[in-house]
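[1] Fold the following, please.
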Amino acid sequence: MTDTNMIRWEQDTDGVVLLTIDNPEGPVNLLSPLFERSLAATVDRLEAERDDITGVVITSAKKSFFAGADLSFLGQTAPERAGEFAAGADQSKALLRRLETLGRPVVAAINGSAIGGGLEIALACHHRIALDVGHSRIGLPEVTLGLLPGAGGLTRTVRMLGLHKALTEVVLTGRLFTPAKALAKGLVDELADSPEQLPALARRWIAEHPEAAQPWDTKGYRIPGGHSASQSTNAFQSSVVMPIAATLRKQGRGTPMIAPHRIVAAAVEGTQVDIDTALKIETRYLAELACGQVSSNMIKAFHFDTQYIAKGGSRPDGFPRHQAKKAVVLGAGMMGAGIAHVCATAGIEVVLKDVSVEAAERGKAYSDKILTKAVAAGKCTEAERERVLARIVTTDRAEDAAGADLVIEAVFENTELKKKVFAEIEPHLAPGAVLGSNTSTLPITGLAEGVQRQEDFIGLHFFSPVDKMALLEIIVGERTSDETLAKAFDIAQQIGKTPIVVGDSRGFFTSRVIGTFLTEAIEMLTEGAHPASIEQAGLQAGYPTAPLALNDELNLKLAQKVRGETKAAWIAEGRPLVHMAAFDAVDRMVDEFGRPGRLEGAGFYEYADGRRVGLWPGLEEAFHTTDADIPFADMVERMLFIEAIESVKCLDEKVLRSVPDANVGSIIGIGFPAWTGGVLQYINQYEGGPAGFVARARRLAERYGDRFTPPASLVALAESGETYQ
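    Below you'll find the predicted structure:
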């Protein structure tokens, strides 16, 4: 192999050619210009030497088979380059088409993960054998980046599996499967138990199938499950297409997330034509998505920003990697129980402490429930369940914390209570133990006054439910050392969380910013907007939960409490809390109507057996006015803008330390719409960029209040023509 060809050619005496893909430019194989040139040269040679070839095996020299497209290239696309992009995609697919019509059996020996474009290469082979190893993943995740599998993956899976199965079980889900599950789905044909077995199985299959061809290239082929060309249009639409389209409409809620809809359109249209035309249809839809803003946003957030965090962009340099061995979780309520579970699952010995052993045992039962369900679903074994549960020791004694190198406090949001439990436990800990508080709002610097080693004190803000929510917000107090921050960052990754690092401030980043979203929705209610319109605006913006419903989940009594504490703190600092009509509305809901939220079974919504059954009819009488004049577009953007503006203020105040932390934290922590790429990327991608955002913010400020006035730093950024990076 030379630096101009990343596909190594070896031919044995039986005429089988082994093609080994080995990218010299990095640790994984990627769809890139170098790969395109290499594949073109290889296919030319295969066709030229076809008479001397009995079969072809494609494998990888890397630990993975193929990682998909080079996303840095996709990030350079733009609408005006759609034609150029489509031409390049068609050219690439033509090479794979030549490979599968070579007239010789072609086998993919998948020695590791085959993701996105990597699986699409394998799908162009006549047979796929996957190495059955636990770390390997196989699938088409493009929809999660606002794209579709455009190297033939959509067209071929539909022809292999049928329209319904291909869409609902593979392409629209974006799921990655283990080799065994990929076999069950029909994405691979055979499993190998060892690396050595892979080429042997491939050669055996070639010997047994000398005339191999793709099913769609054989006479009389029909797509499994039928298609619109083989049934009446009405029957096909009603039985297959309409249910899928209806589900997408319900899930999409009118947001700019158009990729699922384009996937269905390309798939359905592709079933009505031959495969070569179907591949061209696939390309046209891919070009629209790849050259659009939404995919650029999602690639930035879910690849580049996430990669920045994963590689330790916010971790201080100069400290060795750290692993916690024994953790003490103070408080066995819902949060403490969840924290104990994720720590124990990660292999950490856990002491779960509460005021009584019975209370601690109830917390441990939470893990038992989760693990029992996992065993029933085949996600873990009974032995694994027992090992995890054995790592959790319940107690009411501080002495049982002896030697622990990590504490995570998860008691009620009360400063004095938190200081008390730390004072009880600190004497029993190992030297240099990380002292973490799972507070969501209380300043870390103040809480640290309750411990002796304030340099070891740090905020570890988990999100509920802990076993499902990926984010961990790490809060650095005034006296927190860089060594403690490095340890906390490593612990977050050890327990499988995505860590963002923020500065100390009341509400930190996530609670502070989501508070503006929740308040803005109620503010619109006080202006007379119909409550159903407010909820619809939130859903069409792309939030996973409508704002009034989320207020109910978080509880209006808690909102009152946080507001009171914030007001007292601000007065102590010599600054007033600007009053909003939303505060009065919250007080009316709690004090006048007795409707604080879901926990009490009555809030903005009505509840039956703990489930929402509809908006409370009294809302209209209490707040709605028929002369309210708030354009629906304004309702949508007020929620998005208020969070973005507050995030800029967090950046200005050094509460946020990086743009990736803001973008990733806002999406996976507080539900900022994924299509935006995150709370600061939303400003970048707004029509006209930051300058367009500033102009729109000023119009919102004129109509709805000074809170929408863009911060000076944002105005300066816009005037310089720069963006948040």
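[2] burial count for the nearest residue to residue 145 once chain neighbours are set aside?
    Spatially, and ignoring its direct neighbours in sequence, residue 145 is nearest to residue 298 (4.9 Å; CB to CB, 6 or more residues apart in numbering). Bear in mind the C-beta positions are built from the backbone N, C-alpha and C, glycine included. Residue 298 has 24 neighbours, counted by other CB atoms under 10 Å.
[3] next one: residue 721
    9.
[4] Show the contacting residues for it.
    689, 691 (CB atoms under 8 Å, 6 or more residues apart in numbering).
[5] Could you check how far it is from residue 287?
    Separation of residue 721 from residue 287 (CB to CB, to the nearest Å) stands at 28 Å.
[6] Could you do residue 267 as well?
    Taken as CB to CB, the spacing of residue 267 relative to residue 287 amounts to 16 Å.
[7] More neighbours: those two, which one.
    residue 267 (27 against 23).
[8] any idea how far the closest residue to the more buried one other than its chain neighbours is from residue 688?
    The shortest distance from residue 267 to any non-neighbouring residue, by CB to CB, 6+ apart, is to residue 158 (5.1 Å). Distance, residue 158 to residue 688, by CB to CB: 39 Å.
[9] Next: residue 206.
    Relative to residue 688, and taking CB to CB, residue 206 is found at 57 Å.
[10] Between these two, which has more neighbouring residues?
    Using other CB under 10 Å, the more surrounded residue of residue 206 and residue 688 is residue 206, with 23 against 11.
[11] Report how many residues lie close to residue 459.
    By the criterion of other CB under 10 Å, residue 459 has 26 neighbours.
[12] Tell me which helix or strand comes right after the worst-scoring helix or strand of the chain on mean pLDDT.
    Here the helix or strand of the chain ranked lowest by mean pLDDT, DSSP states H and E is helix 233-236, holding a mean of 54. Per DSSP states H and E, helix 233-236 leads on to helix 242-252 as the next helix or strand towards the C-terminus.
[13] residues in contact with that following helix?
    164, 167-168, 172, 260-261, 264.
[14] In CSV: those, plus pLDDT and secondary structure.
    Below are the contacts of helix 242-252 laid out as CSV (pLDDT from 0 to 100; DSSP: H, G, I helix; E, B strand; the rest coil):
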residue, pLDDT, secondary structure
164, 92, helix
167, 95, helix
168, 94, helix
172, 95, coil
260, 94, helix
261, 93, helix
264, 94, helix
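[15] among the residues you listed, which two are most distant?
    Within the contacts of helix 242-252, two members stand farthest from each other by CB to CB: 164 and 261, at 16.4 Å.
[16] These two: which is more packed in?
    Using other CB under 10 Å as the criterion, residue 164 and residue 261 rank with residue 164 on top: 18 against 14.
[17] Quick check, that one in contact with residue 223.
    No - when contacts are counted by CB atoms under 8 Å, residue 164 is not listed as touching residue 223 (10.5 Å).
[18] Tell me where the model's unsure across this structure.
    1-3, 75-76, 226-239 (pLDDT under 70).
[19] Could you give the separation of the helix or strand where residue 416 lies from the chain centroid?
    Assigned by DSSP H and E, residue 416 belongs to helix 415-425. Mean-position distance between helix 415-425 and its chain equals 35 Å (CA atoms, centre = their mean, to the nearest Å).
[20] following the strand or helix carrying residue 549, which helix or strand comes up?
    Under the criterion of DSSP H and E, residue 549 resides in helix 547-554. As assigned by DSSP H and E, the chain's next helix or strand after helix 547-554 is helix 556-572.
[21] Show residues contacting that next one.
    Identification of contacts with helix 556-572 by CB under 8 Å, 6+ apart yields 413, 441, 506-507, 511, 515, 518, 551, 576-577, 583, 586-587, 589-590, 595-597, 603.
[22] what sits against the closest residue to residue 365 other than its chain neighbours?
    Nearest non-adjacent residue to residue 365, counting by CB to CB, 6+ apart: residue 337, 8.0 Å away. By CB under 8 Å, 6+ apart, the contact list for residue 337 reads 352, 362-367.
[23] Report all helices and strands that the helix or strand residue 473 falls within contacts.
    Using DSSP H and E, the element containing residue 473 is strand 471-476. Applying 3 or more CB pairs under 8 Å, 6 or more residues apart in numbering; DSSP states H and E, one finds that strand 471-476 contacts strand 457-462, helix 482-494, strand 498-503, helix 659-670.
[24] tell me the angle of the first one relative to helix 659-670?
    So that's strand 457-462. 50 degrees (axes from the mean of the first three to the mean of the last three CA atoms, to 10 degrees).
[25] mind listing what strand 457-462 pairs with, with the direction of each?
    Strand 457-462 pairs in its sheet with strand 434-437 (parallel), strand 471-476 (antiparallel), by DSSP bridges.
[26] Following element in sequence after the shortest one, please.
    Sequence-wise, the next helix or strand downstream of strand 434-437 (DSSP H and E) is helix 444-447.
[27] Counting neighbours, which bits of that next one end up buried?
    444-447 (16 or more other CB atoms under 10 Å).
[28] looking at the helices and strands packed on strand 471-476, which is closest to residue 643?
    For residue 643, the closest of these is helix 659-670, at 7.2 Å, according to CB to CB.
[29] helices and strands around the closest one, which ones?
    helix 306-310, strand 471-476, strand 498-503, helix 510-526, helix 632-652.
[30] Comparing these, which comes out most buried?
    Highest mean neighbour count among the helices and strands packed on helix 659-670 (mean count of other CB atoms under 10 Å): strand 471-476, with a mean of 26.
[31] Run the chain-centre distance for that strand.
    17 Å.
[32] Give me the contacts around it.
    By CB under 8 Å, 6+ apart, strand 471-476 touches 444, 458-463, 485, 488-489, 492, 495, 497-504, 508-510, 664-665, 668-669.
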